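Trainee: Quick one, what's the 3D model for this:
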Amino acid sequence: MRALTGVALDLATSAGASYADMRIIEERQNRVAVQRRSLKLVDDAESTGYSVRVLVDGAWGFASSTDLTTDGVAETARLAIATARASARVPKDEPARMAPEDASVDTCIGPCDEDPFLVPNREKADLLLEACDRMLNVPGVVMTWGSLQFIRWRRVIANTDGSYLDLTNTFSNPSLSSTAVVYGESQGRGYQGGAKQAGYEFIREVDLLGHAERWAQEAVLKCKAEDSPRGVMDLVLDPMNLALTMHESVGHPTELDRILGWEANMAGRSFVQPGNVGNLRYGSDLVNFTVDNTLDGGLGSWFYDDDGVKMRKYPLIKDGILVNLGTTRETAPLVGWPNSMGCCRASGYAQFPINRIPNLYMEPGTDDNVTPDDLIADVEKGVYVEGLGSFSIDQMRNNFQFGGDMFWLIENGRKTRPLKKVTYHAQTRDFWQSCDGIAGKSHWCPHGIMNCGKGEPMQIMRMTHGASFCRFRNIQVGGAKL
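Mentor: Modelled structure (predicted):
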């Protein structure tokens, strides 16, 4: 592979490229899926491909191929160079350039104690079928789905800075859900823990069998629950629910390409401006967000991003103030920053790397003695929300609506009865500024998201969020039709 990457980089350098890289990706996927008591899918796939990216005269050229031979690589590199030269003829306000980065030569392998590709598909199917059977044995449950997905990526990245990286990551993604129909009402409930960078040991850890019956019972319970109340009230949100809320209202608005207006589709802009860094009040004094692309088990912990930047940990929001942004080597110089924060990733060998949300989490409260029950105890009237649900957010990432997976009415400091069809509505900064209570570190949980869509053509990316339980005051609840 070193010889092949050398072919591409030598051609790019000879053509006058100010920067070039070649990414080779070997990908393996395995997925087993069931519906009710039937096996629906067993899929194993492997692919190997590569791309060449070159920067000539301030313009990008990009080409990809699966022909991993000397002649194939040379042809792909020449196509990328020709594309860059053609692109350079188009007038632009500012030519593209890359922030400097030290060369790195490294080989890294992510966590994987039990290789999921060595576990028989029969064992995976039997686990899912047994979990679905336990759910279907609960009266009122009419449908169940389950799947296990495993992905292994080996990326070899070489660039004209002198970097040569050989990086391997394994991702495990379980899913299990049930749907109940009672009194003409349909509701669902299931696994909410997300994915993790790990091997099959993670599937054993989440114990789908042990929780299946309870999730099914809760689906039935939701059918019998009262509809959401309407009005301004307090919220207590669990870490799984907060994962999606922070993803949409903190992660995406702080991607620099969106701030610069490069990404305008799929609610692609942002209310944040580069000059807001260091002075914008994003949340209350209790609110601290951390970017950590070194997080153990994090889906975005790739060792190095696709720009060859070593991944690291840094604050994004400190004591409620925005102090950083997610940047790449191309976007950072446009706002006068000397270096990238390491947020450049592509979803495959044939995709151009773009600015992506990193592993991003909310820090727990400083007092580990504070529990979720303590947060609830100080709520006169409100709603306790568990898990992910529907969401909607405007094109500037400002006005939003979120749902959840399980809901409880809070009255006079305690959970009293289940609810259904709950949504909450707010503006981003008003919402995070209303946070006045966070449970301690022992209640902090991660949630791995596998399906973040961005770009055109669409790229699907994965990252991990995390939080402890949080309380928010005076939030508009209800009113949406679900």
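
Trainee: got a list of contacts for the longest helix that the chain contains?
Mentor: Looking across the chain with DSSP state H, the single longest helix is helix 70-88. Under the contact criterion C-beta atoms under 8 Å, 6 or more residues apart in numbering, helix 70-88 has outside partners 3-4, 7-8, 11-12, 15, 17, 20, 22, 50-65, 67. Any C-beta I mention is one placed from the backbone N, CA and C, and that applies to glycine too.

Trainee: Find the residue ranges of this protein scoring beneath the pLDDT cut-off.
Mentor: For the chain, the stretches flagged by pLDDT under 70 are 267, 481-482.

Trainee: So it: which segments form each domain?
Mentor: 2-224, 227-477 (automatic domain parsing).

Trainee: which of these is buried the deepest?
Mentor: Highest mean neighbour count among the domains of the chain (mean count of other C-beta atoms under 10 Å): domain 227-477, with a mean of 20.

Trainee: mind checking the SS state of Val250?
Mentor: State at Val250, reduced to three classes by DSSP: H, G, I helix; E, B strand; the rest coil: helix.

Trainee: returning to what we had before: in helices, which of the contacts of helix 70-88 fall?
Mentor: Of the contacts of helix 70-88, the ones assigned to helices by DSSP H are 3-4, 7-8, 11-12.

Trainee: Go through those and say which is closest to Arg429.
Mentor: Ala12 (44.1 Å; C-beta to C-beta).

Trainee: Identify the residue nearest the closest one in space, chain neighbours excluded?
Mentor: Closest residue in space to Ala12, ignoring its immediate chain neighbours: Ala20 at 3.4 Å, by C-beta to C-beta, 6 or more residues apart in numbering.

Trainee: Surely the one you found and Ser14 touch.
Mentor: No: using C-beta atoms under 8 Å, Ala20 makes no contact with Ser14, being 10.4 Å away.

Trainee: Nearest spatial neighbour of Glu213, chain-adjacent residues omitted?
Mentor: Arg134 (5.0 Å).

Trainee: how much space is there between the one you found and Thr328?
Mentor: Arg134 sits 46 Å away from Thr328, going by C-beta to C-beta, to the nearest Å.

Trainee: now Thr366
Mentor: Computed as C-beta to C-beta, the Thr366 to Thr328 distance reads 33 Å.

Trainee: Counting by contacts, list what the helix or strand where the residue nearest to Glu213 lies packs against.
Mentor: In this assignment (DSSP states H and E), Arg134 forms part of helix 121-136. Applying 3 or more C-beta pairs under 8 Å, 6 or more residues apart in numbering; DSSP states H and E, we find helix 121-136 packed against strand 19-35, strand 38-56, strand 141-159, strand 164-182, helix 208-224.

Trainee: Run the angle between it and strand 19-35 for me.
Mentor: Following axes from the mean of the first three to the mean of the last three C-alpha atoms, to 10 degrees, one obtains 50 degrees for the angle between helix 121-136 and strand 19-35.

Trainee: so how far is helix 121-136 off the chain centroid?
Mentor: 27 Å (C-alpha atoms, centre = their mean, to the nearest Å).

Trainee: One more: stretch 57-77?
Mentor: Worked out by C-alpha atoms, centre = their mean, stretch 57-77 lies 29 Å from the chain centre.

Trainee: likewise stretch 222-229?
Mentor: With C-alpha atoms, centre = their mean, you get 30 Å for stretch 222-229.

Trainee: which residues sit against that stretch?
Mentor: Residues contacting stretch 222-229 (C-beta under 8 Å, 6+ apart): 140, 180-183, 185-189, 383, 406-407, 409, 417-423, 477-478.

Trainee: Kindly export stretch 243-253 (C-alpha atoms) in PDB.
Mentor: What follows is stretch 243-253 as a C-alpha-only set of coordinates in PDB (Å, rounded to 0.1, in the frame of the first residue of the first chain):
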ATOM      1  CA  ALA A 243     -28.200  12.800  22.900                       C
ATOM      2  CA  LEU A 244     -30.400  13.800  20.000                       C
ATOM      3  CA  THR A 245     -31.200  17.200  21.400                       C
ATOM      4  CA  MET A 246     -27.500  18.100  21.700                       C
ATOM      5  CA  HIS A 247     -26.700  16.500  18.300                       C
ATOM      6  CA  GLU A 248     -29.200  18.800  16.500                       C
ATOM      7  CA  SER A 249     -28.900  22.000  18.600                       C
ATOM      8  CA  VAL A 250     -25.300  22.000  19.600                       C
ATOM      9  CA  GLY A 251     -23.400  19.600  17.300                       C
ATOM     10  CA  HIS A 252     -24.600  20.800  13.900                       C
ATOM     11  CA  PRO A 253     -24.700  24.600  14.700                       C
END
